[in-house]
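Novice: the following block contains a protein sequence and its predicted model.
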Amino acid sequence: MAARLYVGNLPYSVTEDELRNLFSGAGTVESVSLPKERETGRARGFGFVDMATSTDAENAIRMFDGYNLSNRTLRVQPATERPQQAGTQHLGSGGGHRRR
């Protein structure tokens, strides 16, 4: 079963291919995603790596948590779901006319 890792403190210049190549040293990488800022398209300095197995993920954490990449110390840990904050649930698209 795949295991998702959070990778923080990434250099803004890192690409998905570079991260995939690095983490493939720890096992099979299923996918890599690097979120970007909506307004600028610039990297946000963190990403997610999906490893094929939990063993591969554990290897990646041991190998790359604290790893120096382009003078940045990586932070690698299991990804966790963000709790939904009150008031952020979107029930519809809105935009309709309101009756008075």
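Specialist: Yep, that arrived.
Novice: so, low pLDDT: which residues of the protein?
Specialist: Within the chain, the set of residues satisfying pLDDT under 70 comprises 84-100.
Novice: using the three-state scheme, assign Thr55.
Specialist: Secondary structure of Thr55, reduced to three states by DSSP: H, G, I helix; E, B strand; the rest coil: helix.
Novice: secondary structure class for the closest residue to it other than its chain neighbours?
Specialist: Closest residue to Thr55 apart from its sequence neighbours, by CB to CB, 6 or more residues apart in numbering: Gly27 at 7.0 Å. The C-beta positions use only the backbone N, C-alpha and C, and glycine is treated the same way. Look at Gly27: counting by three-state DSSP, its state is coil.
Novice: return the residues in contact with the closest residue to Arg4 other than its chain neighbours.
Specialist: Closest residue to Arg4 apart from its sequence neighbours, by CB to CB, 6+ apart: Ala79 at 4.1 Å. Each residue near Ala79 by CB atoms under 8 Å, 6 or more residues apart in numbering is listed here: 4-6, 48.
Novice: distance of Arg20 from Glu39?
Specialist: Separation of Arg20 from Glu39 (CB to CB, to the nearest Å): 26 Å.
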